[in-house]
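Undergrad: Got a predicted structure here, sequence first:
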Amino acid sequence: MLEHYGLIGALALIALIFPFVGVGVAWLLRPKRPDPIKNSVYECGVETIGDTWVQFRAQYYLFALIFVVFDVEIMFLFPIAVAFQRLDMMQVFYVILFVVLLADGLLYAWRKKALEWQ
Amino acid sequence: MSIVLLSILKSLALIILLLTGFAYLTYYERKLLARFHVRRGPNRAGPFGLLQPIADAVKAIFKEEIVPGHVDKLIYIVAPALSLIPALVIFAVIPIAPDLRLGGFTLQFHVADINVGLLYLAAIASVATYGIILGGWSSNNNYALLGSLRTAAQMISYELPFGLLLAAIILTTNIGREAGTLSLIEILNQPRPWWLWLWLWLAFPMFFITMLAESNRSPFDLPETENELIAGFQVEYGGIKFALFFMAEYISMITGSAIMATLFFGGWRGPFADPGTWYGPIVGFGWFFLKVVALLFVYIWVRASVPRIRYDQLLQFCWKVLTPLSIGYLVLTALIVVFVG
């Protein structure tokens, strides 16, 4: 079983080589004639205003935060789902409690209007 | 030695298969979209335009590649590769045909059989977000940054229903067995009663929607929204680097279809796809291919029919409709497994 992770590693290495070979070949073959207009910020009609690397809206962060909480909890559900047949009544009760907490967290975020996009 | 050689050959074959699949998926999509629009689509390069993908590849390689002066160079160059690699690697655990047995030699048509297959899918699918967000950030362009932020929020949000539905599918593998499994190969080898198929197909629309959003396809192609963000995170990219982003999107479509074909439609299983025979792998791969192509047709059909939704609607739909629905589905599946299994 463990050597199969090595096989995935081999695939990842080969997959890693491929895009860099592509970029390298294109770098050798392509014409290179830079000029100030080509090197400027791409825009479509109107020039973009202000710096890009500034603070952006916190709403994205909020979603990321809720996501992290939920995603970790869902990852805990995977092993539970695999061993589901072996759980006794008490353990099933704990799992139900866990899922209820998960749903409750979603409800809380909902009530706090964290899910609204303003 | 031979196992190393075999794994390298298999990896190469898989990558070549996926890249060819990508090239002809673009052709398939353009032809189909043209049919939906009552046009002809590409028909100049070769018979029926069949050489169009090759012409596109040549163009991408020979095109002048502008690296604008304002970008963060290292990340700018690495980002397209970062977005493509997960799309290629994720296919490692999907079986594309039954085993071939010749004498004492067994050839398996998947790169790796790891016992955490579905977890691996979920994990690698999350990594794909990095390429896009780094590409958008390093471009130092307002459009690109907005596009990549949107993508990040969208992809992580839709990972929740994805994970919950995967958990429900893992639960169903408990039926009639000692324990469940995470391996896609074992899931395929396990017989399912007919009512279980029906119950799983109930989840298929939800799963399909999350896959559409995960691969940033229309109507969830908010990262690109060409009419407000020009092309989102890829706006500063050209030539082969743009092609790499493009490949990542299309290969993740293929991967998504393959995952759905395996989990919901029996993967390579079908009449005459008998494991252990000489013709089994060929017929099996044929069934797998047909199922993937049929699912890709649905992807393109949706793109041709459904208008793009607004960004707030996208997130609201995920958090207020899909996630509660999948939690409910998970709980009901657990009840079914308890009372039947």
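TA: Structure received.

Undergrad: For the nearest residue to residue B:101 once chain neighbours are set aside, list the residues it contacts.
TA: Spatially, and ignoring its direct neighbours in sequence, residue B:101 is nearest to residue B:276 (5.4 Å; C-beta to C-beta, 6 or more residues apart in numbering or on different chains). (C-beta placed from N, C-alpha, C; glycine too.) By C-beta atoms under 8 Å, 6 or more residues apart in numbering or on different chains, the residues touching residue B:276 are B:98-99, B:101.

Undergrad: Would you mind listing where the stretch 101-250 of chain B has pLDDT under the threshold?
TA: Residue ranges of the stretch 101-250 of chain B with pLDDT under 70: B:104, B:223-230.

Undergrad: can you give me the helices for it?
TA: All helices of the stretch 101-250 of chain B, identified by DSSP state H, counting those that start in this stretch, fall at B:117-138, B:142-172, B:184-189, B:194-214, B:226-229, B:239-264.

Undergrad: try chain A
TA: Assigned by DSSP state H, chain A shows helices spanning A:2-29, A:58-82, A:89-111.

Undergrad: looking at those helices, which is closest to residue B:142?
TA: Using C-beta to C-beta as the measure, helix A:58-82 is the one of these that comes nearest residue B:142, at 14.8 Å.

Undergrad: Could you tell me the angle between the closest one and helix A:89-111?
TA: Here helix A:58-82 runs at an angle of 170 degrees relative to helix A:89-111 (axes from the mean of the first three to the mean of the last three C-alpha atoms, to 10 degrees).

Undergrad: Give me the contact list for helix A:58-82.
TA: The contact list for helix A:58-82 (C-beta under 8 Å, 6+ apart) reads A:87, A:95, A:98-99, A:101-102, A:105-106, A:109, A:114-115, A:117-118, B:118-119, B:122, B:149, B:152-153, B:156-157, B:159-160, B:163-164, B:166-168, B:170-171, B:173-174, B:179-182, B:315, B:319, B:323, B:330.

Undergrad: State the distance from residue B:78 to chain A.
TA: From residue B:78 across to chain A, the span is 9 Å (C-beta to the nearest C-beta, to the nearest Å).

Undergrad: Please read off the pLDDT at that residue from the model.
TA: Looking at residue B:78, its pLDDT stands at 86.

Undergrad: Then it would be within a helix, right?
TA: Yes. Applying DSSP: H, G, I helix; E, B strand; the rest coil, one finds residue B:78 inside a helix.

Undergrad: pretty sure it is touching residue B:137, no?
TA: No. Contact between residue B:78 and residue B:137 fails when scored by C-beta atoms under 8 Å: they sit 11.9 Å apart.

Undergrad: So between these two, which is more surrounded?
TA: Neighbours were counted for residue B:78 and for residue B:137 using other C-beta atoms under 10 Å in any protein chain shown; residue B:137 has more, 22 against 19.

Undergrad: so who does that one touch?
TA: A:53, B:72, B:75, B:144-145, B:148.

Undergrad: Got a ChimeraX select line for the buried ones in those residues?
TA: Applying 16 or more other C-beta atoms under 10 Å in any protein chain shown to these, the buried members can be selected in ChimeraX as follows:
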select /B:144,145,148
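
Undergrad: Distance of residue B:331 relative to chain A?
TA: According to C-beta to the nearest C-beta, residue B:331 and chain A sit 6 Å apart.

Undergrad: what secondary structure does residue B:97 sit in?
TA: coil.

Undergrad: hang on, the earlier thing: can I get the helices of chain A in a markdown table with mean neighbour count?
TA: Shown next, in a markdown table, are the helices of chain A (neighbours: other C-beta atoms under 10 Å in any protein chain shown):
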| stretch | mean neighbour count |
| --- | --- |
| helix A:2-29 | 16 |
| helix A:58-82 | 17 |
| helix A:89-111 | 13 |
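
Undergrad: who wins for proximity to residue B:52 among the ones you listed?
TA: Of all these, helix A:2-29 sits nearest to residue B:52, with 19.0 Å by C-beta to C-beta.

Undergrad: Neighbours of the nearest residue to residue B:164 once chain neighbours are set aside, how many?
TA: Using C-beta to C-beta, 6+ apart and skipping residues adjacent in sequence, the residue nearest residue B:164 is residue B:326, 3.9 Å away. Neighbourhood size, residue B:326 [other C-beta under 10 Å]: 24.

Undergrad: what do you get for residue B:336?
TA: So residue B:336, with other C-beta under 10 Å, has 17 neighbours.
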